[in-house]
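Engineer: have a look at this prediction, sequence included:
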Number of protein chains: 2
Amino acid sequence: MAGIALYQTPIDAQWIDYNGHLRDAYYGLIVSLATDALMDRIGLDTAYRARTRCTLYTVELHLHFLHEIKQHDTARVALRLLGSDAKRIHAALEISRAAEPATVAAGAEVMLLHVRQDDDAARTVAFPPQVSAALEELAASSAALPAGAPPSRHLELRSRSKP
Amino acid sequence: MAGIALYQTPIDAQWIDYNGHLRDAYYGLIVSLATDALMDRIGLDTAYRARTRCTLYTVELHLHFLHEIKQHDTARVALRLLGSDAKRIHAALEISRAAEPATVAAGAEVMLLHVRQDDDAARTVAFPPQVSAALEELAASSAALPAGAPPSRHLELRSRSKP
């Protein structure tokens, strides 16, 4: 797995479904918890959120499920920061299993939006300079890293028999 | 919200995050539980799974987060069956809040694959005829229903200032 090591977690027994493996939604929870770790890393941590009332909202998520994850596995998440602008972050997160680190078990892409939670509504607001600088550093570190999962895309039933 | 009523659930207190609203991953859990309801509806229920060792694996998921969902809300999920083939289902699921039924809070698209869980691996296998017939009926009922959320797509930082 190529990417910047971001987060890891054991698999909670309650995350296993009737198919005997990690339920699809809990891949999403692992991605979500890894996004919290990204927030801590770039300075959007609990103290920042309490002081500014600013936080990240997820606006879009795409997941490719490539391999089953079982109860005994440990999930690791690696980051490639694909881009950012004044208010948005586009990130790829890849989940692998500790025992098979070379195989990506799932690939995610997320689009995150920086907002201030005012009393009446959430309003988009620019990142402070030090957060933008941290994002640019992560993007630079990510630039040469290869993708381990397919990119997000429009879903459709593609015929497998076509050339 | 346009779509075939499929599932509804109250919001568990544990699904609320530090932003005071439904954590992104739990939109995915609601979609996942609604997919279980779809399986029951088309004959891929617990008894079928136990008898045949066949089930659905999610291979891809795309979520658009459009509105916050709060602890006091009840989430409802409606289905549009976008297509199916011998082994796959492409479905759109829209989540709305019971108190604001005309507003879609999140839109999802999923690609689901029918597999048999053999001892050594999961192998793709064709749907039985009665399941295919149920899917065709749902697709026909869905055909005239308008989308309430954007379609799945490639994620990228599109400039908002461009025409």
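Structural biologist: Here it is on my side, so go on. Residues are numbered from 1 along each chain as shown, chains lettered A, B, ... in the order given.

Engineer: and the helices in chain A?
Structural biologist: A:24-42, A:46-52, A:129-142 (DSSP state H).

Engineer: select the longest strand from chain A.
Structural biologist: Longest strand of chain A, by residue count under DSSP state E: strand A:100-117.

Engineer: give me the neighbour count for A:Tyr48.
Structural biologist: Number of residues near A:Tyr48 (other CB atoms under 10 Å in any protein chain shown) recorded here: 17. C-beta: built from backbone N, CA, C; applies to glycine.

Engineer: whoops, I mixed them up, A:Arg76
Structural biologist: Number of residues near A:Arg76 (other CB under 10 Å) recorded here: 21.

Engineer: any idea what sits nearest it, other than its immediate chain neighbours?
Structural biologist: A:Gln8 (4.4 Å; CB to CB, 6 or more residues apart in numbering or on different chains).

Engineer: repeat that for A:Asp12.
Structural biologist: Nearest non-adjacent residue to A:Asp12, counting by CB to CB, 6+ apart: A:Tyr26, 7.7 Å away.

Engineer: my guess is that neighbour contacts A:Ala13. True?
Structural biologist: No - contact criterion CB atoms under 8 Å: A:Tyr26 and A:Ala13 do not qualify, at 11.1 Å.

Engineer: about what we covered before: what's the most buried one of the helices of chain A?
Structural biologist: With neighbours taken as mean count of other CB atoms under 10 Å in any protein chain shown, the helices of chain A reach their highest mean count in helix A:24-42, at a mean of 22.

Engineer: how big is the angle separating that helix from strand B:100-117?
Structural biologist: Angle of helix A:24-42 versus strand B:100-117, following axes from the mean of the first three to the mean of the last three CA atoms, to 10 degrees, is 110 degrees.

Engineer: send over helix A:24-42 as CSV, restricted to the C-alpha atoms.
Structural biologist: Taking C-alpha atoms only, helix A:24-42 is exported to CSV below (Å, rounded to 0.1, in the frame of the first residue of the first chain):
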residue,chain,number,x,y,z
ASP,A,24,-19.7,-2.4,4.0
ALA,A,25,-20.7,0.5,6.1
TYR,A,26,-17.9,-0.1,8.6
TYR,A,27,-15.3,0.3,5.9
GLY,A,28,-16.9,3.8,5.8
LEU,A,29,-16.6,4.2,9.5
ILE,A,30,-12.9,3.3,9.3
VAL,A,31,-12.5,5.9,6.6
SER,A,32,-14.4,8.4,8.8
LEU,A,33,-12.2,7.8,11.8
ALA,A,34,-9.1,8.1,9.6
THR,A,35,-10.4,11.4,8.5
ASP,A,36,-10.6,12.5,12.1
ALA,A,37,-6.9,11.5,12.4
LEU,A,38,-6.2,13.7,9.3
MET,A,39,-8.0,16.6,11.0
ASP,A,40,-5.7,16.2,14.1
ARG,A,41,-2.7,16.1,11.8
ILE,A,42,-3.5,19.4,10.0
